[in-house]
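# Got a predicted structure here, sequence first:
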Amino acid sequence: PPGANFAVLAGDTRLSSGYEILSRKQSKLFKLTSKCCIASSGSYNDVKQLRHVLEMRNKTYADRCGKEVTTPSMAHLLSRTLYSRRFFPYYAFNVLAGVDEENLGAVYSYDSVGTLQRYPYSAAGTAAEHMEPLLDNLVAEKTRQDKRETPLTLEECKELVKELFVTAGERDIYTGDAVEIAVITADGIETEFFELKKD
C-alpha cells in the first residue's frame, strides 16, 4: 500500500512447460540486496541468466563503492539490463520490490524491454490477469464504494497475497503447489511458504 514501510513480494513454486510440471519446488523469488528482491516469470533459462547478470553487477558495485545498491538504483539497473537486450530480449517478466532510502515500500513493474514504472502493487506471469482486477479492487479500491479508512497492515497484505494465489490457482493451470512470500522491511527480508493445491 502507498506510504507503507514494507513491501510484500510473492511467487508460486510451480515450474511448468506446456501441460507438464517440471518442478513443484522452484522459487521464483531472488534476493538482490538486503532490502530488495525480484520475482520473475517466463523462460527459466532467461530468468536464470538475468539473475546472474544482476547479481554480478550488484557485487561489482558493492566491491567498488563499499555499500550495496539501493532499491531505486537496482530498479534502474534492471531496466537498463533489459533494455540492453531489446533486440533479442530476455523472455522474463519481472516485479522488483523492496524499501527505498526513506524506508518506504517500493514496487517496480517491467515489460520485456525494460520499461519500468513504480506502482503500489503489481502482478506478472500467467496469473496476472486474474490478480490485477482483485488488486485494483482490494488495494487501490478503484471500484469500491466502501473505501477503507486505514491502509492495509502487513498481516492483511500477507493474507491478501495468500487469497490471490488461491484464487489464481483455481483458474490457471500454471499456478500452484505453494506460494513463497517475502516480506521486505528496513530490517531485511523474511520469507514464508503457504501451501496451494497440487493439481
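Okay, I see it.

# distance of the most far-flung residue of the chain relative to its centre from residue 155?
Computed with C-alpha atoms, centre = their mean, the residue of the chain farthest from its C-alpha average is residue 145, at 28.7 Å. Applying C-beta to C-beta, to the nearest Å, the value for residue 145 to residue 155 is 25 Å. In short, each C-beta sits where N, CA and C put it, glycine included.

# same thing with residue 128?
Distance from residue 128 to residue 155, by C-beta to C-beta: 24 Å.

# So for the two, which sits in the more crowded spot?
The residue with more neighbours, out of residue 128 and residue 155, is residue 128; 17 against 9, by other C-beta atoms under 10 Å.

# And that one, how far from residue 150?
From residue 128 across to residue 150, the span is 27 Å (C-beta to C-beta).

# Same check on residue 141?
Computed as C-beta to C-beta, the residue 141 to residue 150 distance reads 12 Å.

# Pretty sure residue 144 sits against residue 134.
No - judged on C-beta atoms under 8 Å, residue 144 makes no contact with residue 134 at a distance of 11.7 Å.

# Specify which residue of those two has the higher count of neighbours.
For residue 144 versus residue 134, the count of surrounding residues by other C-beta under 10 Å is larger for residue 134: 15 against 11.

# quick one: secondary structure of that one?
helix (DSSP: H, G, I helix; E, B strand; the rest coil).

# contacting residues around it?
Contact analysis of residue 134 by C-beta atoms under 8 Å, 6 or more residues apart in numbering lists 164, 167.

# again, but for residue 175
Applying C-beta under 8 Å, 6+ apart, the residues near residue 175 are 12, 14, 125, 126, 127, 165, 168, 169, 196.

# among the residues you listed, which are in helices?
If you go by DSSP state H, the contacts of residue 175 have 165, 168, 169 in helices.

# quick one: which of these is most hemmed in?
With neighbours defined as other C-beta under 10 Å, the most crowded of the ones in helices among the contacts of residue 175 is residue 165; it has 26 neighbours.
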